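>>> what follows is a predicted protein model with its sequence.
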Amino acid sequence: FAFNWSITFLVLYVYKEKSLFIILKPGLKIGNVKPFVYFIFTNVTELFSVYLTLLFWISNIILIIFFIYHLVNFLVPALYFFEYRFVINVFFLSATLLAVSTVFFVKYIFPFFFLFFLGFQDSLQNNRIAVFFFESKIEEYLSFFLVTYKSCIFNSQFFLFILVFLLYIKIN
């Protein structure tokens, strides 16, 4: 697995700008909000650490998918037919939930969160108490993206866990 992870990481490093753009794309233009044309970084190594963090995340997700696939293939010969069907259905349901929740997160959930937090800037400027200008820092943007993505993925897989648990109770 270390070899697969290393190769995945190296390939992703070659495409690091494209990977970062895919992550930045949901926040670049949201609704009628003026699009951000730049992100700032305030440390010499910050952009490099952002690339590494992003590539570690993507590599780990791909490794987890491969690990689960190989685990299922390892266990399949020892299972009865009804257990085999159950494990395969759970695996495909898990993969489908992962894909659907990722697309739903990037298209709808993350832009909603980002627009919600940007709404505070507009309300403060309308009151003219103080004028604030938002400059998005790339490291904090990535951190916010990954934390909300992790919670979205956890919630989608938790739904699967509840479903499997209810089926187990029904069988027994």
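Structure's in. What do you need?

>>> for this protein, which helix is longest?
helix 138-171 (DSSP state H).

>>> which strands or helices does it pack on?
Contacts defined by 3 or more C-beta pairs under 8 Å, 6 or more residues apart in numbering; DSSP states H and E place helix 138-171 against helix 16-28, helix 46-75, helix 81-104, helix 110-127. (C-beta placed from N, C-alpha, C; glycine too.)

>>> tell me the buried residues in it?
Judged by neighbour count (16 or more other C-beta atoms under 10 Å), helix 138-171 contains these buried residues: 138, 139, 141, 142, 144, 145, 149, 152, 153, 156.

>>> and the angle from that helix to helix 16-28?
80 degrees (axes from the mean of the first three to the mean of the last three C-alpha atoms, to 10 degrees).

>>> next one: helix 138-171 to chain centre, how far?
Distance, stretch centre to chain centre, for helix 138-171: 10 Å (C-alpha atoms, centre = their mean, to the nearest Å).

>>> number the residues from 4 up from this point.
Let's use 4 as the start, then, which means that last one is helix 141-174.

>>> could you check the angle helix 49-78 makes with it?
Using the same axes, to 10 degrees: helix 141-174 against helix 49-78 is 20 degrees.

>>> report the contact partners of the residue sitting nearest the centre point of the chain.
The structure's the chain has its C-alpha centroid closest to residue 152; by C-alpha atoms, centre = their mean the separation is 3.8 Å. Going by C-beta atoms under 8 Å, 6 or more residues apart in numbering, residue 152 touches 105, 108, 113.

>>> and the closest residue to the second one other than its chain neighbours, what does it touch?
Nearest in space to residue 108, with sequence neighbours left out and distances taken as C-beta to C-beta, 6 or more residues apart in numbering, is residue 155 at 4.5 Å. Taking C-beta under 8 Å, 6+ apart, we find residue 155 in contact with 104, 105, 107, 108, 112.

>>> where's the dip in pLDDT among those residues?
Confidence by pLDDT is poorest for residue 112 among the contacts of residue 155, given 87.

>>> quick one: that residue from residue 140, how far?
21 Å (C-beta to C-beta, to the nearest Å).

>>> pLDDT weak spots in the protein?
30-41, 123-137 (pLDDT under 70).
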